[in-house]
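Engineer: Compute the structure for the input listed below.
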Amino acid sequence: MSASVIEPWLQPTLAHALQARVAATPSLPAYREFAGKDQPWKQYSWQEAGAAVTGFRGAMQHSGVRHGDRVGIWLPNSVNAMCVDQAALQIGAISVPVHTTDNPASIAYIFDNAEVSLLVLSSLSQWERLRATSYAMDALHTVVVVDLQDQVAPVPGQPRVVPLVQWLQAGASLAMGAAPALPAAQDVAAIVYTSGTTGKPKGVMLTHANVVADVGAFVERLQPNAQDRFLSFLPLSHTFERTVGYYLAVACGACTSYARSAALLMQDMQTEKPTMLVCVPRIYERAHAKVLEKVQAGGEAERTAFEAAVQWGWANFCARQGITDVHKHDASLINAPKPAAHAAIAQQIASLFGGSIRMAITGGAAIAHSTAKVFLALDVPLLQGYGMTETSPVISVVTLQSNDPSTVGEPLPCVEVRIGAQRELQVHGPIVMKGYWKRPQESAAALTEDGWLRTVDQAELVKGRIRLMGRLKEIIVTSTGEKLSPADLELSLLADPLIEQIMVLGDHRPYVSAIAVLNAENWELLAAANGWNASNPDTLRQPVVVQTILQRLHALSTDFPSYAQPRALLLTTEPWSVENQLLTPTMKVKRKQILERYSVQVDGMYGSRRSV
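Structural biologist: Numbers count the residues shown, from 1 in each chain. Below is the predicted model of the structure:
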């Protein structure tokens, strides 16, 4: 790129950034997606991607979308989803993305609340499900359906429904004409709705300036480049994926492959070989659980070799990073000869992710220390970041050279942080949202009197790094007065391959307990080994079963105070999901709803305690 050309991540808006990227590296690969069975993945250059966006922009203009209008996006991660978003940005319209797995009522609420005028979705059945809800979506005038082949007869009083191909054809002449004026930096780029763990989702208004500032600071911190390869897996409606897995790739010119599905993620890693991986902790924790299962299934020699490799790798990682506190490691192993098995085991772990990862970024929630320790000890470059939708979202991230996994790193260069009352972390800087859509009172309440954003996360600053300590809103206070944050304890308990999901409880109760969803496959193995009937739900209530699993959880919680260790346990094999409304679309546990679902069982559990 010529020295006279402004780098894409230094452009005033996301719309300018894409245009600068296309101009800077038109022939480099930009996007890849699965084209079908027995076919090679389809690849788009930046020039081709730019041309596709222009086509979508012309179609939007033809549909009457103007500056400031809201455009709903209900699509899986794909080139089409990227084109809809970028076309809206080029016009100065506002994207309103939703999670594909969310329930129709929640999605209809979002589109109704945001007053979207145009909606792009995958199938006609999606539109039928939205129409069946109680939300009118009065502002909606056009529905574009990707998979639809034939025109749908218009219905009086209803939005017109048009196939994607015909929609694009109708706007071809406008796409060939002069482009509209690009948006300004302070214009809203997207309204991203929070997960809604305690009520209706809130629409976070993020401006172009918000996101551009976050992307630019991230580029400065981690230095991604045009040779990097991203694998897009988290939904594009998730702010973490939007900024770090999408706009960041535009800024640095990296190629993004769209993963086919969660079930095929590990296969896609083998074919696409990403160098930059952006995932939530659960993906890494599942990989860790599979590694442990394999090790446990091996012989004594294999287990001993694995443990020796981890202990040596961890001690030397801590030494390289200058970590002397918090994390226990055997100092006698520092600079000792590397165990013979370390390189082979590290290669096996790396191959799970395609073998080319140079940065494995985790965010969206805290990651279990046991998982981070194994990966870092075995040379997986795991980097923890921290943020929230309201901050575009990244507030901080560790680096390869400064990676203390007990922290989430130093604040990004453009971000200021401070510790307020009750140890609350507060944030100030250009990444902080414009506010909540149509909620002025809540927008004001999110800020302190002097304009700092309240994160509602407790933290401390250690050598300039942020160490999280729990959520103000999720503190459990037992009836004996003991206090604990459930998040860290839950992360530790999830290290057991038997535990698929878990929620710790005990607020206003005499002691801490937990509700655990068992991994179906591992539960069957444990039951078979002990002669239990895994297919009978009553087995999960047998004292010997509960006692056995409690003992396993107790072993994982020995670093916590005795009052924080679960003393009672409710077991189930029914997964918590978005569909049964026990998880948010971003996979966060809905604590209130789970407590309501199991209220009778929880009362019974405390009435007849099963303890270790």
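
Engineer: Surely A30 is within a strand?
Structural biologist: Yes - per DSSP: H, G, I helix; E, B strand; the rest coil, A30 lies within a strand segment.

Engineer: so how many other residues sit close to it?
Structural biologist: Per other Cβ atoms under 10 Å, the neighbour tally for A30 reads 27. C-beta here means a position set from N, CA and C on the backbone, and glycine is covered the same way.

Engineer: List the residues that contact it.
Structural biologist: A30 is in contact with Y44, S45, W46, E48, A49, C255, T256, counting by Cβ atoms under 8 Å, 6 or more residues apart in numbering.

Engineer: Any chance of those residues in CSV with pLDDT, distance to Q501 and neighbour count as columns?
Structural biologist: Shown next, in CSV, are these (pLDDT from 0 to 100; distance: Cβ to Cβ, whole Å; neighbours: other Cβ atoms under 10 Å):
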residue, pLDDT, distance to Q501, neighbour count
Y44, 98, 38, 19
S45, 98, 42, 17
W46, 98, 41, 23
E48, 98, 42, 17
A49, 98, 38, 23
C255, 98, 34, 22
T256, 98, 30, 27
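
Engineer: taking these one by one, which sit in helices?
Structural biologist: W46, E48, A49 (DSSP state H).

Engineer: what number of residues lie near the residue nearest to I334 when sequence neighbours are not counted?
Structural biologist: Excluding its sequence neighbours, the residue lying closest to I334 (Cβ to Cβ, 6 or more residues apart in numbering) is A319, at 4.5 Å. Applying other Cβ under 10 Å, we find 15 residues neighbouring A319.

Engineer: which stretches of the stretch 201-350 of the chain form strands?
Structural biologist: 203-207, 229-232, 255-258, 276-279 (DSSP state E, counting those that start in this stretch).

Engineer: Not counting sequence-adjacent ones, nearest residue to G420?
Structural biologist: Leaving out its chain neighbours, the residue that sits closest to G420 by Cβ to Cβ, 6+ apart is Q426, at 4.7 Å.

Engineer: Now do the contacts for the spatially closest residue to A262 that is not a sequence neighbour.
Structural biologist: Distances taken as Cβ to Cβ, 6+ apart put F233 closest to A262, at 7.5 Å, once the chain neighbours are dropped. Residues near F233 by Cβ under 8 Å, 6+ apart: N77, E241, G245, A259, A262, L265, V278, C279, I283.

Engineer: Okay, F233 and V244: tell me how far apart.
Structural biologist: To V244, F233 is 12 Å away according to Cβ to Cβ, to the nearest Å.

Engineer: where do the contact lists of those two overlap?
Structural biologist: Here F233 and V244 have V278 as joint contacts, going by Cβ under 8 Å, 6+ apart.

Engineer: What about the residue lying closest to W314 once chain neighbours are set aside, how many residues nearby?
Structural biologist: With Cβ to Cβ, 6+ apart as the criterion, W314 has its nearest non-adjacent residue at 4.0 Å, and that residue is A377. By the measure other Cβ under 10 Å, the count of residues near A377 is 23.

Engineer: thinking A377 is in contact with A308, fair?
Structural biologist: No - at 10.6 Å, A377 does not count as touching A308 under the criterion of Cβ atoms under 8 Å.

Engineer: coming back round to it: ok, the contacts of F233 vs E490, which is closest?
Structural biologist: I283 (16.6 Å; Cβ to Cβ).

Engineer: Quick one: the contacts of A30 as TSV, columns for distance to P405 too.
Structural biologist: As requested, the contacts of A30 are exported to TSV (distance: Cβ to Cβ, whole Å):
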residue	distance to P405
Y44	37
S45	38
W46	35
E48	40
A49	36
C255	29
T256	27
